[in-house]
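A.B. asks: Need the 3D shape of this:
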Amino acid sequence: MKKSKLTDHELVQKFVNGEQSSFEILINRHKDKVYTYIFLMVKNEHLAQDIFQETFIKVVKSLHAGKYQENGKFISWVVRIAHNLIIDHFRKEKQMKTFSNDDYESDIFNSTKFSDKTVEDGIIYEQIMTDVRQLVDFLPDEQKEVILLRHFMGLSFKEIADQTNVSINTALGRMRYALINLRKLVEEKNLSLTLT
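C.D. replies: Just a heads-up that it's a prediction; the model follows:
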């Protein structure tokens, strides 16, 4: 059986038992999601790369120390480690908003998956996603976090609740308020968020 077909849990076990190549498969499988989450939170490419590397160093150490328990998705556990490192970074900086939107060096929404239809539709969709992402920055941190975890990372509300140490109802409430606030911002800024 090819290693790439193995589950995350099976690859973790093989890595813990000494098969280094299993960890490379895990990294390749999840690196895009983890990096995107970090980048969306810190909005700086170099800082995101540093935290990304730090995350996987911590993952390796934690796996070798037996700190990983198979009680959910491996990716959720990795993102939680990244999330904690981001919080640590901002605590050290003693401020939550260190970077402006101008710090983007590349358009993270410039991806083939966003341009399934025409080139024009792709460009419009990218602009909509950029507008939405910028609006998310106006939200309170708790609402911003739930939007990023749900819509950019694809986590379930249970996973979001576990990761942010709140109840599912609190996570759902934060999402509800985030969407209400986003609608208000769209109206205030008179944005059109449709392809037609």
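A.B. asks: Can you spell out which helices and strands pack onto the top helix by length along the chain?
C.D. replies: What stands out as the longest helix in the chain, according to DSSP state H, is helix 20-42. Secondary-structure packing of helix 20-42 (3 or more CB pairs under 8 Å, 6 or more residues apart in numbering; DSSP states H and E): helix 8-16, helix 45-64, helix 74-93. For the C-beta atoms, the positions are set from N, CA and C on the backbone; glycine is no exception.
A.B. asks: Buried residues of it, list them for me.
C.D. replies: For helix 20-42, a neighbour-count test (16 or more other CB atoms under 10 Å) marks 22-23, 25-26, 30, 33-42 as buried.
A.B. asks: How many neighbouring residues does Ser4 have?
C.D. replies: Using other CB atoms under 10 Å, Ser4 has 9 neighbouring residues.
A.B. asks: surely it meets Leu26?
C.D. replies: No. Taking contacts as CB atoms under 8 Å, Ser4 lies outside contact range of Leu26: 10.5 Å.
A.B. asks: Where does Leu139 sit: helix, strand or coil?
C.D. replies: State at Leu139, reduced to three classes by DSSP: H, G, I helix; E, B strand; the rest coil: coil.
A.B. asks: Same question for Lys67.
C.D. replies: Counting by three-state DSSP, the backbone at Lys67 sits in coil.
A.B. asks: re earlier: kindly indicate which of the buried residues of helix 20-42 lies nearest Val186.
C.D. replies: Comparing the buried residues of helix 20-42 against Val186 with CB to CB places Leu40 closest, at 19.4 Å.
A.B. asks: tell me the pLDDT at the closest one?
C.D. replies: With respect to pLDDT, Leu40 scores 83.
A.B. asks: how far away is it from Ile168?
C.D. replies: Look at Leu40 and Ile168: by CB to CB, to the nearest Å, they are 23 Å apart.
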